[in-house]
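Q: Here is my input; please provide its structure:
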Amino acid sequence: MSQTKSNYEFVSSATLPTRFGLFNIHGFVETHSNQEHVALSYGTWSPEDTVPIRVHSECLTGDALFSTRCDCGFQLEKALDNIVQNGRGVLLYLRQEGRGIGLLNKIKAYQLQDQGMDTVEANEHLGFDADLRDYGICKLMLDKLGIKNVALMTNNPKKQKALTDMGINVVSRTPIDHGVTDDNRQYLRTKTEKLGHQFDPHTLK
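A: Numbers count the residues shown, from 1 in each chain. Below you'll find the model as predicted:
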């Protein structure tokens, strides 16, 4: 269930040198759960500019442990590189592991996938909806960074709708088809067929 803007607070900002370039990191917290989230910003813009952004949900296995059974880590790196190449942009990093079910439940879901289930079937077998993620904090993050108009990097139309419903002007959506491997090809087909993600079909053959 989406939360109102008052359920979130900005905490602090600092510089963050990375392999891609010099970003600023901005910390936010959900006051009702103490869940922490961050935004990485690069470059400058005026309030009316259209700013490239990526809304990225945490994936420890893909982002930090280099797993190839999903495309998350590949997409994270591609988005950061795209932002730097564009000269400005923002990555909203939301702590919503496993589409919102948490890390340990994601490992349980992986075990079920090893036995033949797809990602949606595994989540539902564990008693969860296919996707429990909430994007309510994105409004506060973008307001804090002075962004009203965005060029969204995503394959997931639900992210676009969530931002639009919050009053963010999504000027364009750019696919981020990156990181298809033999290990994740079926996973990506499931995201396309059951969750409505929009990939270039030629990348999934």
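Q: Could you pull out the strands in the protein for me?
A: All strands of the chain, identified by DSSP state E, fall at 8-17, 22-30, 36-42, 50-57, 89-94, 149-153, 169-174.
Q: need the contact list for Phe128.
A: Contacts for Phe128 (C-beta atoms under 8 Å, 6 or more residues apart in numbering) come out as Gly100, Ile101, Asn105. Every residue, glycine included, has its C-beta placed from N, CA and C.
Q: how about the nearest residue to the first one, chain neighbours excluded?
A: Nearest-residue entry for Gly100: Leu132, 3.1 Å, with adjacent residues in sequence omitted and distances by C-beta to C-beta, 6 or more residues apart in numbering.
Q: Quick one: neighbours of that neighbour, just the number.
A: 14 (other C-beta atoms under 10 Å).
Q: residues contacting the residue lying closest to Ile83 once chain neighbours are set aside?
A: With sequence-adjacent residues excluded and distances taken as C-beta to C-beta, 6+ apart, Ile83 is closest to Gly89, at 3.3 Å. By C-beta under 8 Å, 6+ apart, the contact set of Gly89 is Ser41, Tyr42, Gly43, Val51, Pro52, Ile53, Arg54, Asn82, Ile83.
Q: Tell me which of the strands of the chain sits nearest to Gln75.
A: Distance to Gln75, taken as C-beta to C-beta, is lowest for strand 50-57 among the strands of the chain, at 7.0 Å.
Q: related to what we said a few turns ago, which of the contacts of Gly89 sits closest to Leu126?
A: Closest to Leu126, out of all of the contacts of Gly89 and judged by C-beta to C-beta, is Arg54, at 27.8 Å.
Q: OK, contacts around that closest one?
A: 75-76, 79, 82-83, 89-92, 152-154, 176 are the contacts of Arg54 under C-beta under 8 Å, 6+ apart.
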